[in-house]
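> sequence first, predicted model second:
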Amino acid sequence: MHITIHTDGAARGNPGPGGYGVVLQAPGGQRKELSGGYRLTTNNRMELLAVIIGLETLKIQGSEVTIYTDSRYVADAVEKGWVFTWAKNQFKKKKNPDLWKRFLAIYPKHRVRFIWIKGHANHPENERCDQLAVEASFVNALPADTVYEAEQASEAGKLL
């Protein structure tokens, strides 16, 4: 089965309130939209989380999956193999290791390829994902991105 996943992430401030948007499409016209947000996060975390949520939502393992993203960070890390080197080096001095580990747990369960697309270039599904992500960042009482906030607190403590 071939699944198409469109993803986008957004952060207002970077760091700031952020959200992700995902549109999944399957044969037969099946379509599902997903979104969520956090009170303090980064754009790159939300871009990566959108991909993770999309893959984790799939019910049939071994699916052929094409992911469209406007994130060079995510697409290049996977397609150019950087993330696999980062993993071998235990993500030393790399950002978002918690999310990359989560990605690497789901990634091998499917046959995944990434296609980078230019953001805000009138790709209807990318525009929809952007809308979902931005709307999610405005939800009242957003939950904490606990790993990111703990890292920020730890970094702040090192400055004192």
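In hand now; what should we look at?
> all helices of the protein, in order?
The residue ranges that make up the helices of the chain, judged by DSSP state H, are 43-57, 72-79, 82-88, 97-106, 124-137, 146-158.
> OK, contacts around the residue nearest the centre of the chain?
When the chain is reduced to its mean C-alpha position, the nearest residue by CA atoms, centre = their mean turns out to be Leu48, at 2.3 Å. The contact partners of Leu48, taken as CB atoms under 8 Å, 6 or more residues apart in numbering, are Gly9, Ser71, Tyr73, Val74, Asn96, Leu99, Trp100, Phe103. Quick note: C-beta positions are derived from backbone N, CA and C, even for glycine.
> between the residues you listed, which is closest to Cys129?
Distance ranking of the contacts of Leu48 against Cys129, using CB to CB, places Gly9 first at 8.6 Å.
> pick out the most distant pair among the contacts of Leu48.
Checking the contacts of Leu48 against each other with CB to CB, the farthest-apart pair comes out as Gly9 and Trp100, at 14.4 Å.
> the two - which one has more neighbours?
Regarding Gly9 and Trp100, a neighbour count based on other CB atoms under 10 Å identifies Gly9 as having more, with 31 against 22.
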